[in-house]
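[1] sequence and predicted structure below; questions after.
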Amino acid sequence: MERMLFGLALALVLGFMVAAGCTHARPTRPGPDFVWVAPHKGPGGVIIPGHWKYVGPPKPGRVWVPGHYGPGGKWVPGHWAR
């Protein structure tokens, strides 16, 4: 019985560690001309989550819209717009 409880406790702890590690993983790099911006505090103490920033040359007919907070206060990831 003790071994079974130990195994269950170990599985729960390891499962939590894996789940916690996955929630903070950075998203896939969108391309070669992007740099990772670590999470930081912005103006007024607002927490800006980590995100990719485009640092490459301009692309005709496209513009990189950086990640930002939308009107509802929800984070909008960076994306290409035309």
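    Structure received.
[2] going forward, measure contacts between C-alpha atoms and count neighbours the same way
    Will do.
[3] burial count for P43?
    Neighbour count for P43, taken as other Cα atoms under 10 Å: 7.
[4] what are the phi and psi values for it?
    Main-chain dihedrals, P43, degrees, to the nearest 10: phi -60, psi 140.
[5] output the below-cut-off pLDDT ranges for the protein.
    Residue ranges of the chain with pLDDT under 70: 4-11, 13-24.
[6] tell me who's in contact with the residue nearest the centre of it.
    In the chain, the residue lying closest to the centroid (Cα atoms, centre = their mean) is R26, at 4.5 Å. By Cα atoms under 8 Å, 6 or more residues apart in numbering, R26 lies in contact with G50, H51.
[7] what about the closest residue to H68 other than its chain neighbours, distance to P58?
    Of all residues not flanking H68 in the chain, V76 sits nearest, at 5.3 Å (Cα to Cα, 6 or more residues apart in numbering). Taking Cα to Cα, to the nearest Å as the measure, V76 falls 21 Å from P58.
[8] tell me where this protein has strands.
    Secondary structure of the chain (DSSP state E): strands at 34-37, 40-41, 47-48, 51-54, 63-65, 68-69, 75-76, 79-81.
[9] and the closest residue to G67 other than its chain neighbours, how many neighbours?
    Distances taken as Cα to Cα, 6+ apart place G78 nearest to G67, at 3.9 Å, with adjacent residues excluded. G78 is flanked by 16 other residues according to other Cα under 10 Å.
[10] G78 and M1, how far apart?
    Here G78 is placed at a distance of 51 Å from M1 (Cα to Cα).
[11] with I48 instead?
    Counting by Cα to Cα, the gap from I48 to M1 is 47 Å.
[12] more crowded one of these two?
    Between I48 and M1, counted using other Cα under 10 Å, the more crowded position is I48 (17 against 6).
[13] pull the contacting residues for the more buried one.
    I48 is in contact with P39, H40, K41, G42, counting by Cα under 8 Å, 6+ apart.
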